[in-house]
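Asker: Sequence and predicted structure are below.
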Amino acid sequence: MVRMDVTNKESPLMNAIEVDHLVKKFGDLTAVNDISFTVAEREIFGLLGPNGAGKTTLIRMMTTLTPPTSGTARIDGHDIRTDANGVRHALGVIPQAFTSDPELTAKENMLIHAKLYGVPSETRISLINQLLESVDLMKFRDALVGTFSGGMRRRLEIARGLVHAPKILFLDEPTTGLDPVSRANVWEMIRNLRDKSGLTILLTTHYMDEADKLCDRIAIVDHGKLAALDTPARLKDSVPGTDAVEAEFDHAPDNWHEQLKGLAEAEAVTQHDNVTHIASSNGSSTVAALMDLARARGVTVRKVSVQSTTLDDVFLHYTGRELRDAAGGSMTYDVSRFYR
Amino acid sequence: MNFERTWALIERDMRKFFRSPALMMSTMIFPLVQLIVLGYAFGGKIKGAKIAFVDQDRSVESRQIREMFDGIAAGPATFRIVDYDSAPHAIDDLRAGFVRGVVEVPRDFSRRFYQHDRPRIAFSEDNTDQVMASSLLQSLQDMVTAINTAPVQPRLDDQVELNVVEVYPYIEYAKYLLAGSTAMAIFIVAMIGGGITFIDDKSRGLHEGYLLTPIKKTELVMGMIGAGAVKGLMAGMAIVLIGGMIVGIPGLWNPVRLLYLCLVVLIASVAMISLMFLAMVRVSDPLVPRAVFGVLNMLLFFPSGAISPIEGFPKWLRWMSVVDPFTYTVHALRNLTIKNTGIEGIYSDVLLLSGFSVVMIVSCIALFKRQL
Ligand SMILES: Nc1ncnc2c1ncn2[C@@H]1O[C@H](COP(=O)(O)OP(=O)(O)O)[C@@H](O)[C@H]1O
Ligand SMILES: [Mg+2]
């Protein structure tokens, strides 16, 4: 597989993460099946796959929470098998399930982690305030985390993951279960972390749009195997498929459909109600040609849109199934009923 | 070993403890209620038990017997006399539970008395209730002895007497129970803190958060045991002091005695919480500690001699009491609360509990899984 540095082309970069033939078996089940990849410094790298694909297991091995069956990984140069503490110091991790303590305040949760990471006491409070400010939770600093919404709690845990100034941040399904506004907030935060603080970020997701919008490169994982790895654009390009152009016109001449069929890259033209559908092997050049043609013929284009190849198509192509169909179960035991 | 990390975990538990008054209350209420209800319901002197008296003889002598009963009824008031005409009727009422015993003076009582032919009084007891039966028997026996010795005293100098010296003033049962109730408070803290919330934190994912940090497993285990021990110290001292005031332990606030109490309660807390952690170190299902709560309580509390003396146990139960850390806790606390001993009354228990704790903690650290 080809590795490419998408960001920062000035300096030669070392790999922040090197995953080397990691395997994890649970009895007969191979949850992670020989996965290897590298992540460059300052990259936002996404592991995309359905529930049960093995994303969390992979992250747990990389974060020293679970011993691998075979293979290894190096995080910022520290081997997960031989230098677990080096890995733990280099990494900030935001696990899939919430791990903040609901019976403590935001600040207390931060403080405990700061102490566990050995952040010097002189800088702790100011650092915590700064981090809480950056995730917009300063005014809830002394509120119990049990009263937080999912989005607030996720933001708090991101702040907490940064308390020891790690170089690399792992986020396991950071926006699962969040409302659209909170998701957008989290995306914004992740981009800022890379752009302003220069962090390397590895995240997992089962949302196509999230992987597409946020990640520099995406690894598609299914049944514990790496199915594909590249930038979102190249992944989409690699899928032989068509874009769909949809348009509505006023004052269209009678032979308008015939004319449309002659457009660059256009393959087929159909009509449903008022909407004209043009199948194209390259949506953007078809649209450009369409606009020129309409102007020349005096046709008004009321509306036009291009539905390009999505990661759904990419996923289908590489795994043989649709992402949304590949649902799996969750494994956590819910004890929340014992608490309030 | 980085104490700051261990301390961070202890601090976390303290904040949670003080923040949830319900938890604090539940650790205190049960031992206090136990102390008051069990302490005063149990082991008091029997008073006013109904005794049927059937006089078949109707002689001067039988009336004398009857008068002596009246004397006891008026004095220590152990029983009340109800006269019955027929023995079968009295026995029926005994079986039905309306009277606790039947005293029958047979028809030939006065004849045998004069013929020196071993005059007899019959006592039928309801021996389904052992406490009652032995208490009644004791007072009847005393009375018969009194009848025999009082008027004649033939060879007084030959008779052996048992001189009982009561070393301590009469101890009410509630005072006796105080040590057990204090141990119970420590147990509840250990069970809730070391068992239930530990497993819940695990299954709620809180531990995953800690395991991601560079904390060592020794620091983690020590932090959790330390937190439990501090909570146990607070709950145990609260029960000793509140309970001690309720049952009226004299000289409770003597600073040296308080120091010894703190020492015993602290080491007992460490022993109990580390035992609990060891039992739960590989458990992940939150229902497990809830399910074993009652059983563990039974297995630790009753064999300890908290409510009745170990000397009355069958052999197998005595063995349980030997390995039960509760036993040494109760022994030391009882010495401090009702006998007011000094260090000589507790040092062996403290040493044993310390040794026990060390074994438990080392095993916890060995068995604790640093990974998920
Ligand atoms: N501790 C475990 N024991 C047994 N099976 C597990 C364990 N953890 C995960 N699995 C299984 O491994 C597979 C991958 O799970 P996971 O890594 O959680 O997937 P994802 O995070 O992609 O949803 C699933 O089939 C899951 O049931
Ligand atoms: Mg997962």
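Answerer: Alright, I've got the coordinates. Only a predicted model underlies this, so the values are computations on that prediction, with no experimental measurement involved. Numbering: from 1, shown residues only, chains lettered A, B, ... in the order given. Ligands and ions are numbered 1, 2, ... in the order given.

Asker: show me what contacts the residue in chain A positioned nearest to ligand 2?
Answerer: Checking chain A residue by residue against ligand 2 with Cβ to the ion singles out A:Thr56 as nearest, at 3.1 Å. The C-beta positions use only the backbone N, C-alpha and C, and glycine is treated the same way. With contacts taken as Cβ atoms under 8 Å, 6 or more residues apart in numbering or on different chains, A:Thr56 has the following neighbours: A:96, A:172-173, A:204.

Asker: Equivalent analysis for B:Ala271, please.
Answerer: Taking Cβ under 8 Å, 6+ apart, we find B:Ala271 in contact with B:325, B:329, B:353-354, B:356-357, B:360.

Asker: Please check the residues you listed and keep the buried ones.
Answerer: Applying a neighbour-count criterion of 16 or more other Cβ atoms under 10 Å in any protein chain shown, the buried members of these are B:325, B:329, B:353, B:356-357, B:360.

Asker: Hmm, B:Asp349 is touching B:Arg334, no?
Answerer: No - distance between B:Asp349 and B:Arg334: 10.0 Å, which falls outside the contact criterion (Cβ atoms under 8 Å).

Asker: These two - which one has more neighbours?
Answerer: Legend: neighbour count by other Cβ atoms under 10 Å in any protein chain shown for B:Asp349 and B:Arg334, higher for B:Arg334 (24 against 21).

Asker: Now that one: closest residue in space that isn't a chain neighbour?
Answerer: Taking Cβ to Cβ, 6 or more residues apart in numbering or on different chains, and ignoring the residues beside it in sequence, B:Arg334 has B:Ala179 as its nearest neighbour in space, at 4.0 Å.

Asker: Helix or strand: which one has that neighbour?
Answerer: Applying DSSP states H and E as the criterion places B:Ala179 in helix B:173-189.

Asker: after that helix comes which helix or strand?
Answerer: Remark: after helix B:173-189, the chain's next helix or strand is helix B:197-203, criterion DSSP H and E.

Asker: Tell me if the helix or strand following that following helix is near ligand 1.
Answerer: Secondary structure here is assigned by DSSP H and E; on that basis, the next helix or strand after helix B:197-203 toward the C-terminus is helix B:206-211. No - using Cβ under 6 Å from any ligand atom, helix B:206-211 never reaches ligand 1; the gap is at least 12.0 Å.

Asker: Compile the contacts of B:Ala271 into JSON lines and extend it with columns for secondary structure, distance to ligand 1 and pLDDT.
Answerer: What follows is the contacts of B:Ala271, written out as JSON lines (DSSP: H, G, I helix; E, B strand; the rest coil; distance: Cβ to the nearest ligand atom, whole Å; pLDDT from 0 to 100):
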{"residue": "B:Pro325", "secondary structure": "helix", "distance to ligand 1": "34", "pLDDT": "95"}
{"residue": "B:Thr329", "secondary structure": "helix", "distance to ligand 1": "39", "pLDDT": "97"}
{"residue": "B:Leu353", "secondary structure": "helix", "distance to ligand 1": "37", "pLDDT": "97"}
{"residue": "B:Ser354", "secondary structure": "helix", "distance to ligand 1": "38", "pLDDT": "98"}
{"residue": "B:Phe356", "secondary structure": "helix", "distance to ligand 1": "34", "pLDDT": "97"}
{"residue": "B:Ser357", "secondary structure": "helix", "distance to ligand 1": "32", "pLDDT": "97"}
{"residue": "B:Met360", "secondary structure": "helix", "distance to ligand 1": "28", "pLDDT": "96"}
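
Asker: For those residues, could you give me CSV that also reports distance to chain A?
Answerer: Listed next are these as CSV, based on distance: Cβ to the nearest Cβ, whole Å:
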residue, distance to chain A
B:Pro325, 28
B:Thr329, 29
B:Leu353, 30
B:Ser354, 28
B:Phe356, 29
B:Ser357, 25
B:Met360, 24
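
Asker: Report the buried residues of whichever strand or helix holds B:Arg257.
Answerer: Element membership of B:Arg257 [criterion: DSSP H and E] is helix B:255-280. In terms of neighbour count (16+ other Cβ under 10 Å), helix B:255-280 has its buried residues at B:257, B:260-261, B:263-280.

Asker: Equivalent analysis for stretch A:266-281, please.
Answerer: A:266, A:269, A:276, A:278-280.

Asker: ok, now stretch B:4-13?
Answerer: Those buried within stretch B:4-13 under the rule 16+ other Cβ under 10 Å are B:5-13.

Asker: Repeat that for stretch A:74-87.
Answerer: A:74-76, A:78, A:80, A:83-84, A:86-87.

Asker: Name the surrounding residues that touch that stretch.
Answerer: Stretch A:74-87 has contacts (Cβ under 8 Å, 6+ apart) with A:14-18, A:20, A:61-64, A:67-68, A:72-73, A:90-91, A:167-168, B:214.

Asker: rerun at 10 Å
Answerer: Outside of stretch A:74-87, the residues that reach it under the criterion Cβ atoms under 10 Å, 6 or more residues apart in numbering or on different chains are A:14-20, A:22, A:38-39, A:41, A:61-68, A:71-73, A:88-91, A:93, A:166-168, A:170, A:200, A:202, B:212-216, B:370-371.

Asker: Can you turn the buried part of those into a PyMOL selection?
Answerer: In PyMOL, this line selects whichever of these come out buried by 16+ other Cβ under 10 Å:
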select buried, (chain A and resi 15+16+17+18+19+20+22+38+39+41+61+62+63+64+65+66+68+71+72+73+88+89+90+91+93+166+167+168+170+200+202) or (chain B and resi 212+213+214+215)
